[in-house]
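Student: no sequence for this one, just the structure:
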């Protein structure tokens, strides 16, 4: 194990989003927490992301650290400097023509991808490369650049051609989002012609930004050990499983952590009643408040299910719709849902909420404080994702003593221990796990959970408190990443353009 006294590393952490500056998903939670955890371990880590209006507003005060002239952009690109949590330096890449626009980082206000996303994130990658080669006038050169998802996938590819370069680590947060574009877009970006190659960015006659990270990085990580194995299969490799298998000696699965400074029922400012493992009985006060807040009948003996997430097939939102009629037959069951996504699923949920206002409460959209109150107030957290690279909500649920029901996949399989008789007996159980994302499998598990809730209260308390005692803080994950960083620095990968053809 690497000790804390090893030499300090200079790390540039590149992400397209970071909490609390701007967030669309779990990547933002990682990018907002891991750099701080690395800094706490004595590392010189700096975070770089695009200067979206919301990020700029949240990061104030900012100063202009330097200016850049980059290919493919008319005008000067400013590098704005600030700090995350007052400690970790932030660089915001300010190219107003590409990033100063409404909507979220990737789509317009109607949820449609920006037509120039390839251009936007190619420019972001070029700025990262200039900074990482100490050509930006910042007088700082990282030992390693940690890239995340397709928006930064060009960075390892662009750095591979440099004689003296920092090491690169590329993290796949969700292989389902790849940043694939056509040949004409590749040409417009004025990338080196040799990158149009099946060992490089070319992908079935298109080009793939995520493939740049996978093919060129010194090491590849993903956000749980199980997901690292799953992406080597056709089912979850999305056409890149062959390349990932080829590079599997440099592929690692590192479970995401969560920020226990933000997610802690003993001190969470968003919840009405604080509690911990010793005062678990106080948790039910949060249920009462949540029922009242969302217009459900206040019933102390209700079994309250919670669900927070994107209302899409990957998250199993359609499975929740399918089990809804059965759930409603239980007199004591209530369901709270917070999320947005597929308009048809949103409509269905609103309709069902209108028909059963005493049983279902639905909030379309996202509300961070409400998410905390749902985690604190629910008895069970329903997370039937078809696949889940890591998952954070089950970790929040465990921390809050809200027993998760999950599908055995990805990070869910790595973090929730099924309440089998043996696991209950030896005290390791933390939730309920079903094996297949289908109606029969999920129903069997929900039936088991409802029956278990009906046992003497001490049984449920023991299961919930056991979940609260688990340690999914960033400490362990940050240490794993440091070990990978040192491996990447000590053992750079060969340039894939020198590889033999992948058969």
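Tutor: Everything's here; your move. It should be emphasised that the depicted structure is a prediction, and the values quoted were computed from it without experimental measurement.
Student: contacts, neighbours, all on C-alpha from now
Tutor: OK.
Student: Now name the helix or strand holding residue 93.
Tutor: strand 88-94 (DSSP states H and E).
Student: pLDDT averaged over that strand - what is it?
Tutor: Strand 88-94 carries an average pLDDT of 97.
Student: who touches that strand?
Tutor: 35-36, 39, 45-52, 56, 77-84, 124, 127 (CA atoms under 8 Å, 6 or more residues apart in numbering).
Student: before we move on, what about stretch 23-41?
Tutor: With CA under 8 Å, 6+ apart as the test, stretch 23-41 has contacts from 4, 13, 15, 17-20, 22, 45-47, 84, 87-88, 104, 148, 173, 256-259, 391-392, 474-475, 478, 482.
Student: so how far is it off the chain centroid?
Tutor: 10 Å (CA atoms, centre = their mean, to the nearest Å).
Student: Next, the buried residues of it.
Tutor: By neighbour count on 16 or more other CA atoms under 10 Å, the buried set for stretch 23-41 is 23-24, 26-39, 41.
Student: repeat for stretch 186-194
Tutor: By neighbour count with 16+ other CA under 10 Å, stretch 186-194 contains the buried residues residue 186.
Student: Give me the residues contacting it.
Tutor: Outside of stretch 186-194, the residues that reach it under the criterion CA under 8 Å, 6+ apart are 72, 119, 122, 207, 497.
Student: Of those residues, which belong to strands?
Tutor: residue 207 (DSSP state E).
Student: neighbour-wise, which of the contacts of stretch 186-194 leads?
Tutor: residue 207 (25 neighbours; other CA atoms under 10 Å).
Student: Does that one touch residue 184 like I think?
Tutor: No - the pair residue 207 / residue 184 is not scored as a contact, 9.7 Å apart, by CA atoms under 8 Å.
Student: Show the pLDDT at residue 108.
Tutor: pLDDT, residue 108: 88.
Student: Use 131 as the first number for this chain going forward.
Tutor: Sure, I'll start numbering at 131, so the last one becomes residue 238.
Student: I'd say it and residue 232 touch.
Tutor: Yes - counting by CA under 8 Å, residue 238 touches residue 232, with 6.6 Å between them.
Student: Please, where are all the strands along the stretch 531-633 of the chain?
Tutor: Under the criterion DSSP state E, counting those that start in this stretch, strands of the stretch 531-633 of the chain are mapped to 533-537, 562-564.
Student: nearest to residue 395, of these?
Tutor: Closest approach to residue 395 among the strands of the stretch 531-633 of the chain is made by strand 533-537 (14.3 Å; CA to CA).
Student: which helices and strands sit right next to that closest one?
Tutor: Counting contacts by 3 or more CA pairs under 8 Å, 6 or more residues apart in numbering; DSSP states H and E, strand 533-537 packs against strand 510-513, helix 523-529, strand 562-564, helix 587-598.
Student: Need the residues that contact the second one.
Tutor: Residues outside helix 523-529 that contact it (CA under 8 Å, 6+ apart): 388, 393-395, 438, 505-506, 511, 513, 533-534, 536, 542, 545-546, 560, 594, 597-600, 602.
Student: can you count the residues close to the residue nearest to residue 463 when sequence neighbours are not counted?
Tutor: Among residues not flanking residue 463 along the chain, residue 433 sits closest, at 4.8 Å (CA to CA, 6 or more residues apart in numbering). Neighbour count of residue 433, defined by other CA under 10 Å: 20.
Student: same deal with residue 408?
Tutor: 8.
Student: pLDDT wise, what is it at?
Tutor: As predicted, residue 408 sits at a pLDDT of 97.
Student: And it, how far from residue 379?
Tutor: From residue 408 across to residue 379, the span is 44 Å (CA to CA, to the nearest Å).
Student: Now the residue nearest to residue 463. Its backbone dihedrals?
Tutor: The phi/psi pair for residue 433 (degrees, to the nearest 10) reads phi -100, psi 110.
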